[in-house]
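In: The sequence and its predicted three-dimensional model are supplied below.
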Amino acid sequence: MAAALFRVKVHAGDKHDRLVSVSATAFAAWVRAKPEQGRANQSMLALLGRRLGVNPKRLRIIKGSKRTNKIVALLGPS
């Protein structure tokens, strides 16, 4: 069960990793990783996990895994 949903726009292949809040539930992420073999997604999940103070393993991309605009779910405690 998802505890919260977040919208994230990912910009892959940037010079620096950074995450910017657009609103309470929306972010823009710039990651150094290229969008190959899910590397950019993993980098984005790590950034978002650090920002939210949760283990990135609790985050799941539920929509847009192959697009720049994604919806990420924070899974509740199991």
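Out: In hand now; what should we look at? Residues are numbered from 1 along each chain as shown.
In: Give me the longest strand you can find in the chain.
Out: strand 2-12 (DSSP state E).
In: Partner strands of it and their direction?
Out: Sheet pairing for strand 2-12, assigned by DSSP bridges, gives strand 26-31 (parallel), strand 69-75 (antiparallel).
In: Dump those to CSV, plus mean pLDDT and distance to L47.
Out: The C-beta positions use only the backbone N, C-alpha and C, and glycine is treated the same way. Compiled in CSV, the strands paired with strand 2-12 are given as follows (pLDDT from 0 to 100; distance: least, CB to CB, whole Å):
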stretch, mean pLDDT, distance to L47
strand 26-31, 98, 6
strand 69-75, 97, 11
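In: So which of those strands is the most surrounded?
Out: strand 26-31 (a mean of 20; mean count of other CB atoms under 10 Å).
In: low pLDDT regions in the chain?
Out: 1, 78 (pLDDT under 70).
In: Kindly recompute the last result at 90.
Out: Across the chain, residues meeting the criterion (pLDDT under 90) sit at 1-3, 76-78.
In: my hunch is that N41 is in a helix, does that hold up?
Out: Yes - when classified by DSSP: H, G, I helix; E, B strand; the rest coil, N41 is found to be part of a helix.
In: Begin at 506, not 1, for the rest of this chat.
Out: All right, first residue 506 from here; so that's N546.
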